[in-house]
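Peer 1: Everything below, folded, please.
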Amino acid sequence: MDITFWTKSWEELCMLLGAIEAGGTKFVCGIGDENGNIIERTSFPTTTPDEVLEQVVKFFRDKDIKALGIGSFGPIDLDRTSETFGYITSTPKLQWANINLVGAIKKEFPIPIGFDTDVNAAALGEMKWGAAKGLNSCIYMTIGTGIGVGAISEGHLVHGLIHPEMGHMLVRRHPEDSFAGNCPYHKDCLEGMASGPAIEKRWGKKGQELEKNEKVWDLEAYYIAQGIANLILVLSPKKIIIGGGVAKQKQLFPLIHQNVQALLNGYVRHEVVLENIADYIVPPGLGDNAGLCGAIGLAYEAFLEHNQK
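Peer 2: Alright, predicted model coming up:
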């Protein structure tokens, strides 16, 4: 009996894929396989491009990865015909504006690279291995230092002129809310009214210090539910996943469910909205690993595409 199989290491038994969750606050780098298993990971603050890229290269060197996936903060250029494909473009993080992220990494690692927004990556991770597994559409909304939304429709990540910026959709102001909003572009868009910094600016404290203040979360749910209701009406996703630091306040979910049902007012006549909304609008099945697992998914798709050419 040949027992060679049993003496091989994990790395020899699976395809190694690199993953980068490039966040505005920190970079998370990992090694995983085509089944979404994370084998190794590290993270470091998002300082200057030179410092971060040096650490990225150091982590992946000699790892024998077959492809790499990057889910990045943005805005980013996803148009493969563009001269600036793979760039972080007009980001408020000025040191990172017009940085050729994909090009810099490809120079060190000439392997297939998948590239998309951090929230699209998280949506992909959740569809492959998380709360939306087995479905062909979902929304992933993250609520933290900003609000970002990734979308998969009919099995495809949603792109367009650039990529959707659904966190900046306009919302109706609560009649008792005099807060001007915190978005430097739109003031009182969804992000401007409901992101972590908006909560802190409105109430003078961070969200985790306001856990027992019901008024804070009633108002937060009022705005988030508007965003969710709009997404249901526009994209009709089969699952909606809400992650990020603010969404860890679990008292938010029942309030969001109630507000979404009230806003839709029976118009979307499907049982998941009318009767099972707690199973429709949910936290990430992958927890804090949604983005990194999604980057593994991007890497695997890039590998398959490259090998089909």
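Peer 1: Find the nearest non-adjacent residue to Gly245, please.
Peer 2: Nearest residue to Gly245 in three dimensions, chain neighbours excluded: Gly144, at 4.4 Å (CB to CB, 6 or more residues apart in numbering). Every residue, glycine included, has its C-beta placed from N, CA and C.
Peer 1: before we move on, what about Ser72?
Peer 2: Ala22 (4.0 Å).
Peer 1: circling back to that earlier point, the residue nearest to Gly245: neighbouring residues, count only.
Peer 2: By other CB atoms under 10 Å, the residues close to Gly144 number 19.
Peer 1: right, and it touches Val246 too?
Peer 2: Yes - with contacts counted by CB atoms under 8 Å, Gly144 reaches Val246, the gap being 6.1 Å.
Peer 1: Which neighbours do the two have in common?
Peer 2: Taking CB atoms under 8 Å, 6 or more residues apart in numbering as the contact rule, Gly144 and Val246 both touch Ser195, Gly196.
Peer 1: all strands of the stretch 201-309 of the chain, in order?
Peer 2: For the stretch 201-309 of the chain, applying DSSP state E, counting those that start in this stretch gives strands covering 240-243, 281-282.
Peer 1: For the stretch 101-250 of the chain, give me the ranges with low pLDDT.
Peer 2: Counting by pLDDT under 70, the stretch 101-250 of the chain contains no low-confidence range.
Peer 1: quick revisit: and the strands of the stretch 201-309 of the chain, which is most packed in?
Peer 2: Comparing the strands of the stretch 201-309 of the chain by mean neighbour count (mean count of other CB atoms under 10 Å), strand 240-243 ranks first with a mean of 25.
Peer 1: List the contacts of that strand.
Peer 2: Contacts of strand 240-243 (CB under 8 Å, 6+ apart): 122-123, 126, 130-132, 138-143, 224, 228, 231-232, 252-253, 256, 280-285, 288, 290.
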